[in-house]
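>>> predicted model follows, preceded by the sequence.
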Amino acid sequence: MSQNIVRNCNPLPNIPWEDPPLEGRKEPLWRYSGNPVIPRDLTPRSNSIFNSAVVPYKEGFAGVFRCDDTARRMNIHAGFSGDGIHWTLGDDPIVFKKTAPDLPDSDYKYDPRVVFVEDRWYIIWCNGYHGPCIGMGYTFDFKEFFQMENATMPFNRNGVLFPRRIGGKYALLSRPSDTGHTRFGDIIYSESPDLTYWGRHRHVMAPAAFEDSGWQSTKIGAGPAPIETSEGWLLFYHGVLTSCNGFVYSFGAALLDLERPWKCVGRVKPYLLSPQKPYELAGDVPNVTFPCAALVDGATGRLCVYYGCADTVTGIAFGYAGEIVDFIKTNNAL
Ligand code: BMA
């Protein structure tokens, strides 16, 4: 176990956990032996459950889950778990109450992230409004949900809110895109005094050169909410390679400056996890590992990352924040 570098994060003694394999570990992340933890058909009408967000809640865990139904409509459902591994999900999508009467409806919702900021849980997702954009809402109890104004105009995906204000402002990462299966994508930082009006946009990271770090050479996008450490914000992000057979989604990690998070101070050259297991290689979209949440034990630095597998099921992987930051520093692509 490495030194704990996590800051401003509560202890989570009941974090899902399995010790690392004793031998043969190249990357500082290892998969749960019981993966996948969420099957595709956990709700009566789900075709697939993946790219989902989990947080500590009361004595256990709660979450917001991407469930595509058997009509292949994309939506998000609430769920609860005692141990973070066995889940009960609502049969029906979340019904949001609008915080303003003229708030537009959503054509679809997908790829949620959840983060606690100040007094409530915020949900950030890819929202259908004349194409994909960043939708936002909140809850206090994972039973009643409120929808806010969209944080961005179309087209944008992979919106991720920081867990605290930075320089007095709320802070958001997002990935401007297009209407389709976008073939480009950089991570951008924006700030807001009120979670409605966003500005002071700053470029954070671009895809890498194919020759240098192929797994992240087509596009990249922020994953779970950034984790505060003594070395900077630890950001898991997905990266995409264009192979002769289509996109391949792996993920890695970067370190962002604590007070000026648009300054990337390190990012991995090799991936941390790539599609290699049968449930990552085969499914509705083959070769996808896509992280959307990370549980953190503030007392030990243990992490449990939730990631979508082949756009079909959900898996988890474990690691220590300190080991991952060491890996970034010794395998730095910058
Ligand atoms: C992206 C999003 C993700 C999905 C990925 C791979 O554009 O739609 O939800 O996991 O493609 O299909």
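The structure has been received and is ready for your questions. What you see is a predicted model, and the numbers here were worked out from it, not measured in a lab.
>>> need the residues of the stretch 151-300 of the chain near the ligand, please.
Counting by C-beta under 6 Å from any ligand atom, the residues of the stretch 151-300 of the chain close to the ligand are H181, Y249, V285, V288, F290. For the C-beta atoms, the positions are set from N, CA and C on the backbone; glycine is no exception.
>>> among the residues you listed, which has the minimum pLDDT value?
Among those, H181 carries the weakest pLDDT, at 94.
>>> so that residue makes contact with T242?
No - shown here, H181 and T242 do not form a contact pair, counting by C-beta atoms under 8 Å, at 10.7 Å.
>>> of the two, who's got more company?
T242 (14 against 11; other C-beta atoms under 10 Å).
>>> could you find the closest non-adjacent residue to that one?
Among residues not flanking T242 along the chain, T218 sits closest, at 4.7 Å (C-beta to C-beta, 6 or more residues apart in numbering).
>>> could you do Y271 as well?
Y271 sits nearest to S250 (C-beta to C-beta, 6+ apart), 4.0 Å away.
>>> ok, now R202?
Leaving aside its sequence neighbours, R202 sits nearest to W262 (C-beta to C-beta, 6+ apart; 3.4 Å).
>>> the residue nearest to Y271 contacts Q216, correct?
Yes - between S250 and Q216 there is a contact at 7.5 Å, judged by C-beta under 8 Å.
>>> for the stretch 101-250 of the chain, which segments are assigned as helices?
210-213 (DSSP state H, counting those that start in this stretch).
>>> measure the residue lying closest to Y249 once chain neighbours are set aside to Y320 for me?
In space, not counting the residues next to it along the chain, Y249 is nearest to V288; the distance is 4.2 Å by C-beta to C-beta, 6+ apart. For V288, the distance to Y320 equals 25 Å [C-beta to C-beta, to the nearest Å].
>>> and stretch 119-137, does that touch the ligand?
No - for a cut-off given as C-beta under 6 Å from any ligand atom, stretch 119-137 has no contacts with the ligand; the smallest distance is 7.3 Å.
>>> roughly how far apart are the closest residue to the ligand within the stretch 201-334 of the chain and V248?
When scored by C-beta to the nearest ligand atom, the stretch 201-334 of the chain has V285 as its residue closest to the ligand, at 4.0 Å. Here V285 is placed at a distance of 10 Å from V248 (C-beta to C-beta).
>>> of those two, which one has the most company?
Between V285 and V248, counting by other C-beta under 10 Å, V248 is the more crowded of the two (21 against 18).
>>> ok, that one touching Q276?
No - in this structure V248 lies outside contact range of Q276 using C-beta under 8 Å: 10.8 Å.
>>> any idea what K169 is bridged to?
I166 (DSSP bridges).
>>> okay, now the residue nearest to Y249: neighbour count?
Residues near V288, counting by other C-beta under 10 Å: 24.
>>> ramachandran angles for it?
phi -130, psi 120 (degrees, to the nearest 10).
>>> ok, the most far-flung residue of the chain relative to its centre to the ligand distance?
Centroid-distance maximum for the chain: P101 at 29.8 Å, with C-alpha atoms, centre = their mean. Note on P101: its distance to the ligand, by C-beta to the nearest ligand atom, to the nearest Å, is 31 Å.
>>> pLDDT score for that residue?
pLDDT at P101 comes out at 94.
>>> equivalent analysis for F146, please.
98.
>>> model confidence for S2, exactly?
pLDDT, read off for S2, is 67.
>>> then P176?
Reading off the model, P176 has pLDDT 98.
>>> ok, the one 10 residues further on next?
Reported pLDDT at D186 in the predicted model: 98.
>>> which one is it nearest to, not counting chain neighbours?
A206 (4.7 Å).
>>> burial check on the one you found, number of neighbours?
14.
>>> got the phi and psi for it?
Main-chain torsions, A206, degrees, to the nearest 10: phi -110, psi 160.
>>> do you know how far it is from R302?
Taken as C-beta to C-beta, the span from A206 to R302 is 31 Å.
>>> still on that earlier bit, mind putting the residues of the stretch 151-300 of the chain next to the ligand into a markdown table with distance to V115?
Output for those, formatted as a markdown table (distance: C-beta to C-beta, whole Å):
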| residue | distance to V115 |
| --- | --- |
| H181 | 27 |
| Y249 | 22 |
| V285 | 26 |
| V288 | 23 |
| F290 | 17 |
